[in-house]
Structure formats: C-alpha cells, structure tokens
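Novice: got a predicted model here, sequence first, then my questions.
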Amino acid sequence: MSQLLDKAKNFVAEKVANIKKPEANLDDVDFKDVSREGVTYNAKVSVSNPYGTAIPICEISYTFKSADRVIASGKMEDPGSLPGNEKTVLEVPVKVPHNILVSLVRDIGADWDIDYQLDLGLTIDLPLFGDFTIPLSRKGEIKLPTLSDVF
C-alpha cells in the first residue's frame, strides 16, 4: 500500500512540476513625471499568461537602488488581473523623493543620469499553487529631468 501511495505522490509531483507558469520580463524604466513630492519613473513589465483564464495579480513590490542605496521602495496593491492566453504590459510607477536625488549628486556628475538597479516582485494567485512571486531585476542608467521637463 505504501508503494502505491509513493507512486501516486511521484506522479502528482511530476505533473505539477511540468505545468506551465506565467513568465514576466522587466522591459524598460523611463522618466514619467515631476511633482513637488519628487520624480516618478515608469517601469514597464510584460507578462505572458499561458492559461485560458484570467489570473489575479495580488501585488507588485519594488526596490529602486542607486549607488548601493535604496532610494525608493513600495507596493502596488491589487493592480488587476492578467487576461487568459495573452501578453500584458503593466506599468509600475516608481516615486523617488527630491531629497534622495540631491543626495546622489556625486553619481549624477556631468552626464545628468543615475545608475540604477530595480528589483521587482510580481505576485500572482495561481490556482492549486497559491501565491507565486516572479522576481525581476534590471540595471541601467536613467536620465534625470531637466528644466524643460518641468515646464
């Protein structure tokens, strides 16, 4: 009897391991807006849903780093759902306060940009699995807004 139970467990574990899961990619980070509170950047995340039904997104969490320091972090609660059998582009606003940008003057230098790393966690609710987080990361340079962007 125990052999039959072990075979059943192995069969189920093998089938579950081979089930397709949603895939995501952090495509781009661009300047979006300047306000009195700070600068907002827009992270574009493309997600493909291999299932025929929509999957709810629980949350999107992010950490925005520059010069080995966290300059912004936050969560986007309940951003919607991913339509079935489609690729969806999500836009995640990343808000950076002005006082943090001022502290990065050494990195900004003459080229008026900052080196960054954006770590993002896309948490979705998969049937049978429960909450499933897809970790994403991107490094690059991003331009700071100029006076012409503000006015």
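Specialist: Perfect, I can see it now.
Novice: and Val96, what are its bridge partners?
Specialist: Val39 (DSSP bridges).
Novice: my read: it touches Phe64, true?
Specialist: Yes. Counting by CB atoms under 8 Å, Phe64 is a contact partner of Val96 at 6.6 Å. In this view, the C-beta of every residue, glycine as well, is placed from N, C-alpha and C.
Novice: pLDDT of stretch 53-70, averaged?
Specialist: Mean pLDDT, stretch 53-70: 90.
Novice: give me the contact list for it.
Specialist: 22, 41, 43, 45, 49, 71-84, 90, 92, 94, 96, 104, 106-107, 114-126, 131 (CB atoms under 8 Å, 6 or more residues apart in numbering).
Novice: report the distance from that stretch to the chain centre.
Specialist: Counting by CA atoms, centre = their mean, to the nearest Å, stretch 53-70 is centred 4 Å from the centre of its parent chain.
Novice: may I have that stretch as CSV, with CA atoms only?
Specialist: Extracted in CSV, the C-alpha atoms of stretch 53-70 (Å, rounded to 0.1, in the frame of the first residue of the first chain):
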residue,chain,number,x,y,z
THR,A,53,-8.5,32.0,-17.8
ALA,A,54,-7.5,35.3,-16.2
ILE,A,55,-5.1,35.2,-13.3
PRO,A,56,-5.4,37.8,-10.5
ILE,A,57,-2.3,39.8,-9.6
CYS,A,58,-2.0,40.1,-5.8
GLU,A,59,0.6,42.9,-5.7
ILE,A,60,3.7,44.3,-7.3
SER,A,61,6.5,45.2,-4.9
TYR,A,62,9.7,47.1,-5.9
THR,A,63,13.0,48.4,-4.6
PHE,A,64,14.8,51.1,-6.6
LYS,A,65,18.6,51.3,-5.8
SER,A,66,21.4,53.7,-6.8
ALA,A,67,25.0,53.8,-5.5
ASP,A,68,24.2,50.7,-3.4
ARG,A,69,21.5,52.6,-1.5
VAL,A,70,17.7,52.1,-1.6
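Novice: hang on, isn't Tyr116 packed against Ser137?
Specialist: No. Tyr116 is not in contact with Ser137 according to CB under 8 Å; the separation is 10.9 Å.
Novice: higher neighbour count, these two?
Specialist: With neighbours defined as other CB atoms under 10 Å, Tyr116 and Ser137 compare such that Tyr116 has more, 22 against 11.
Novice: what's the overlap in contacts for Val96 and Phe64?
Specialist: 41, 71-72.
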